[in-house]
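**Student:** sequence plus predicted model, see below.
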Amino acid sequence: MEEHSDSQMKIEKGDYGYVLEDVPHLTDYISNLNTYPNPLRFNPAYSVVKQYFIDLDDTVPEKVIVHKNDTRGVHFRRAGPRQNVYFSPDEVHACIVTCGGLCPGLNTVIREIVCALYHMYGVTRVLGIDGGYRGFYSKNTRTLTPKFVNDIHKRGGTILGSSRGGHDKSKIVDSIQDRGINQVYIIGGDGTQKGAAVIFEEIKRRGIKAVVAGIPKTIDNDIAVIDKSFGFDTAVEEAQRAINAAHVEAESAENGIGVVKLMGRYSGFIAMYATLASRDVDLCLIPESPFFLEGEGGLLEYVEKRLKEMGHMVIVVAEGAGQELVAQSNSATAKDASGNKLLKDVGMWLSDQIKAHFASKKHMPITLKYIDPTYMIRAVPSNASDNIYCTLLAQSCVHGAMAGFTGFISGLVHGRHTYIPFSRIVDHHNNVVITDRMWARVLSSTNQPSFLRPKELIEFQKAEEHVLMEGENSSSSSGTSF
Ligand SMILES: Nc1ncnc2c1ncn2[C@@H]1O[C@H](COP(=O)(O)OP(=O)(O)OP(=O)(O)O)[C@@H](O)[C@H]1O
Ligand SMILES: O=P(O)(O)OC[C@H]1O[C@](O)(CO)[C@@H](O)[C@@H]1O
Ligand SMILES: [Mg+2]
């Protein structure tokens, strides 16, 4: 195998077009490190497992749908415990931080990192950093023990608190160095993982023996490469409650309309999945699919038609949908502390537009109820399947850190736990591909028009072909496509 690496990527190439997009390791920049037998060998629960340790060469392919003449393509290192580790248990001083918006499952991930460190590896020093990145240099820490975290997975939010903004590289790495922290677990979204990559580079530059490991988080489910982000299923499940309420309200009134706004800043995965799960939705609007209100084939014409047919309708709108239309009536833009654009309230705007349209149609009075459950769907504790998923992500992350890997996130790729370099997930988002079959399923379930004129449709198809030719997997790189 020949090895190519630069500061961004560590790539190994093998036969038949095999590519390993590897993650950094402490030995890349520190020589003569001691190794120790993995303590799991002596753990009564795990020592009975036939082949518990991961083969050093195990990797997971990025693409599973292949053709006869395809090259083997990109692979990621398989996650899991290694025979030998690069830390002795009493040497480890770990810390955990949560950043960005809330997401169901954050507390489960915290709990399971602490428990894996204690129970699998015999580590007893774990710190919680309060209030996101700025907590490293402006707040007190708290000691995390299995007893302290025992019940936290039953609560929504994060016991550590979270924040946006406040990423100061030097102050954060100074704090890590001053406290003697040598394992940094960072849970957060794309912004957080960009920040984690910067921390990793600085730690490496200073030559410190400390690993940086991320667990990607966002209920929007738009993180590249991975099958699905934790908390997404819970959020979709919770969204059903709002959609049900909207349906009940709409059905009970003459020409009743229920409008539900769901999260999704750049991508419509929550809206799309909540719509498909519910089957009560007549119109689903997402950021990826443009729409227009007035005239033939427009949204208002469809609403009128649907009301005439059914007597009621339910609309689900992702918060990032139609932002360019809303901006025409309200052009002020603001940003949050992390520099993310603050969105206009498309749900309220859409409700007003629909009301105004029907106000002029005296023969067709409507009753519209607007439900905004945005924060309710992310503030709940994670459901059963997300709890298990969070547990495995946390354990994988701990195994990787103990094995000396650094600058990685732990993520599920086609059902296998892997270590993925930061650079692969921070550079672009996953989006709903509206020329994929999944979006077609939504259109056929709601019966809504696509709002795309033939010329626009051709442009979307061309853009998608271009992405595929560049070797990307489009939305099927995410396990959210079937
Ligand atoms: N490019 C960057 N470099 C360094 N730090 C960053 C960068 N982008 C964001 N951060 C830091 O990461 C933290 C979280 O970022 P952000 O508020 O964008 O949330 P996120 O992790 O993307 O999660 P969410 O899914 O809620 O958007 C903030 O403290 C922010 O300062
Ligand atoms: O109001 P906050 O906390 O900034 O979070 C809102 C954002 O968080 C997200 O869930 C991203 O994770 C977006 O969908 C949403 O725009
Ligand atoms: Mg983000």
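**Tutor:** Arrived safely, thanks for sending. Ligands and ions are numbered 1, 2, ... in the order given.

**Student:** wasn't residue 284 part of a strand?
**Tutor:** Yes - counting by DSSP: H, G, I helix; E, B strand; the rest coil, residue 284 is located in a strand.

**Student:** quick one: residues contacting the closest residue to ligand 2 within the stretch 351-482 of the chain.
**Tutor:** Relative to ligand 2, the nearest point of the stretch 351-482 of the chain is residue 378 (6.1 Å; CB to the nearest ligand atom). For the C-beta atoms, the positions are set from N, CA and C on the backbone; glycine is no exception. Going by CB atoms under 8 Å, 6 or more residues apart in numbering, residue 378 touches 101-104, 219, 231, 235, 263.

**Student:** same check on residue 381?
**Tutor:** 104, 107, 153-156, 234.

**Student:** switch the cut-off to 6 Å
**Tutor:** Shown in contact with residue 381 (CB atoms under 6 Å, 6 or more residues apart in numbering): 154-156.

**Student:** in the contacts of residue 378, which has the lowest confidence score?
**Tutor:** Least confident by pLDDT among these: that is residue 219, with 93.

**Student:** touching, that residue and residue 233? I think so.
**Tutor:** No - the pair residue 219 / residue 233 is not scored as a contact, 9.7 Å apart, by CB atoms under 6 Å.

**Student:** so which of those two has more stuff around it?
**Tutor:** residue 219 (28 against 22; other CB atoms under 10 Å).

**Student:** list, one by one, the residues from this structure near ligand 2.
**Tutor:** Neighbours of ligand 2 within the chain, by CB under 6 Å from any ligand atom: 101, 189, 218-220, 263-265, 319, 336.

**Student:** from those, list the ones also adjacent to ligand 3.
**Tutor:** Among the residues of the chain next to ligand 2, the residues lying close to ligand 3 (CB under 5 Å from the ion) are residue 189.

**Student:** filter the residues of the chain next to ligand 2 down to the ones in strands?
**Tutor:** Among the residues of the chain next to ligand 2, no member falls in strands (DSSP state E).

**Student:** make JSON lines from the residues of the chain next to ligand 2 and add distance to residue 453 to it.
**Tutor:** Shown next, in JSON lines, are the residues of the chain next to ligand 2 (distance: CB to CB, whole Å):
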{"residue": "101", "distance to residue 453": "35"}
{"residue": "189", "distance to residue 453": "34"}
{"residue": "218", "distance to residue 453": "32"}
{"residue": "219", "distance to residue 453": "32"}
{"residue": "220", "distance to residue 453": "28"}
{"residue": "263", "distance to residue 453": "29"}
{"residue": "264", "distance to residue 453": "24"}
{"residue": "265", "distance to residue 453": "26"}
{"residue": "319", "distance to residue 453": "25"}
{"residue": "336", "distance to residue 453": "35"}
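
**Student:** using PyMOL, define a selection of the buried residues within the residues of the chain next to ligand 2.
**Tutor:** Selection of the buried residues among those in PyMOL, burial being defined by 16 or more other CB atoms under 10 Å:
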select buried, resi 101+189+218+219+220+263+264+265+319
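
**Student:** in a markdown table: the residues of the chain next to ligand 2, plus distance to ligand 1.
**Tutor:** Output for these, formatted as a markdown table (distance: CB to the nearest ligand atom, whole Å):
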| residue | distance to ligand 1 |
| --- | --- |
| 101 | 3 |
| 189 | 3 |
| 218 | 4 |
| 219 | 8 |
| 220 | 6 |
| 263 | 9 |
| 264 | 11 |
| 265 | 7 |
| 319 | 12 |
| 336 | 7 |
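
**Student:** tell me the one of the residues of the chain next to ligand 2 nearest residue 429?
**Tutor:** When these are compared for distance to residue 429 (CB to CB), residue 220 wins out at 8.3 Å.

**Student:** and the stretch 251-400 of the chain, which residues reach ligand 1?
**Tutor:** Residues of the stretch 251-400 of the chain lying close to ligand 1 by CB under 6 Å from any ligand atom are 338, 340.

**Student:** 8 Å instead, please
**Tutor:** Contact residues (CB under 8 Å from any ligand atom) of the stretch 251-400 of the chain with ligand 1: 265, 336-340.

**Student:** farthest pair within those?
**Tutor:** Across those, the longest distance by CB to CB is 15.2 Å; it joins 265 and 337.

**Student:** low-scoring pLDDT stretches of the stretch 1-150 of the chain, where are they?
**Tutor:** Applying pLDDT under 70 to the stretch 1-150 of the chain picks out residues 1-8.

**Student:** which residues in it form strands?
**Tutor:** 2-5, 10-13, 18-22, 36-37, 59-61, 73-78, 84-85, 94-98, 126-129, 141-143 (DSSP state E, counting those that start in this stretch).

**Student:** ok, for residue 63, nearest residue in space, not its chain neighbours?
**Tutor:** Excluding the flanking residues, the one nearest residue 63 by CB to CB, 6 or more residues apart in numbering is residue 73, at 5.3 Å.

**Student:** partner residues bridging that neighbour?
**Tutor:** In this entry, residue 73 is beta-bridged to residue 18, by DSSP bridges.

**Student:** who touches the one helix or strand residue 198 maps to?
**Tutor:** For residue 198, the host element (DSSP states H and E) is helix 190-206. Under the criterion CB under 6 Å, 6+ apart, residues 29, 99-100, 133, 167, 169, 172-173, 186, 210, 212, 214, 338, 407, 422, 425-426 lie in contact with helix 190-206.

**Student:** now, of these, which are buried?
**Tutor:** Buried subset of the contacts of helix 190-206 (neighbour count, 16+ other CB under 10 Å): 99-100, 133, 167, 172-173, 186, 210, 212, 214, 338, 407, 422, 425-426.

**Student:** need the max-distance pair from the residues you listed.
**Tutor:** Going by CB to CB, the pair spanning these furthest: 210 and 338, at 24.1 Å.

**Student:** residue contacts, the residue in the stretch 201-350 of the chain that ligand 1 sits nearest to?
**Tutor:** Using CB to the nearest ligand atom, the single residue of the stretch 201-350 of the chain nearest to ligand 1 is residue 338, 3.1 Å away. Neighbouring residues of residue 338 by CB under 6 Å, 6+ apart: 164-165, 191.
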